[in-house]
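In: A structural model of the following input is requested.
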Amino acid sequence: MISNTQNHLLNQMQALESLARGETMQPEIKPEQSPSFGDLMQQAINEVNETGMQATSLARAFEAGENVDLAEVMIAAQKSRVSFEALTQVRNKLLTAYQDVMNMPV
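Out: Below you'll find the predicted structure:
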């Protein structure tokens, strides 16, 4: 299920893509209502952190002998790993885009 924030980010990415192609596109959400890119990144970082903390908590509970299923622990660990890798890829793409812009001739 796509959250409202993810849907908004997807709309922004599509708008940027159309602008890069030279097309014009009417934004669906007014700029004063939409969160900034920094806010979206901070929210994504917080979600990845929360996923990692939940996986760690489940692993500790399993190690302590509490009634936690091993499959649940492994799934939480994999979700944490995948979300962290996705965030790392986004960061790498942002850095590459920044470097490309900085290396453009004026």
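In: for the residue positioned nearest the centre of the chain, what are its contacts?
Out: The centroid of the chain falls nearest to residue 44 when counting by CA atoms, centre = their mean (4.3 Å). With contact taken as CB atoms under 8 Å, 6 or more residues apart in numbering, residue 44 is in contact with 87, 90. C-beta here means a position set from N, CA and C on the backbone, and glycine is covered the same way.
In: Quick check: buried residues in the top helix by length along the chain?
Out: Identified as the longest helix of the chain according to DSSP state H is helix 70-102. Using 16 or more other CB atoms under 10 Å as the test for burial, helix 70-102 gives 73, 76, 77, 80, 83, 87.
In: The first one and residue 58: what is the separation?
Out: With distances defined as CB to CB, to the nearest Å, the gap from residue 73 to residue 58 amounts to 5 Å.
In: Same check on residue 33?
Out: 37 Å.
In: Kindly report the same for residue 94.
Out: According to CB to CB, residue 94 stands 31 Å off from residue 58.
In: picking up where we left off before, would you list the buried residues of helix 70-102 in TSV and tack on distance to residue 49 and pLDDT?
Out: TSV is the format used below for these (distance: CB to CB, whole Å; pLDDT from 0 to 100):
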residue	distance to residue 49	pLDDT
73	18	95
76	14	95
77	15	96
80	10	95
83	9	94
87	10	93
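In: Just name the closest of those to residue 22, please.
Out: Checking the buried residues of helix 70-102 against residue 22 with CB to CB, the nearest one is residue 87 at 30.8 Å.
In: Grab the nearest non-local neighbour of the closest one.
Out: In this structure, residue 87 finds its nearest non-sequential neighbour in residue 48, 5.0 Å apart by CB to CB, 6 or more residues apart in numbering.
In: does that neighbour count as helix, strand or coil?
Out: Secondary structure state of residue 48, per DSSP: H, G, I helix; E, B strand; the rest coil, is helix.
In: quick one on the thing from earlier: any idea which of the buried residues of helix 70-102 is the one closest to residue 14?
Out: Set against residue 14, the nearest of the buried residues of helix 70-102 by CB to CB is residue 87 (20.7 Å).
In: Much appreciated, bye for now.
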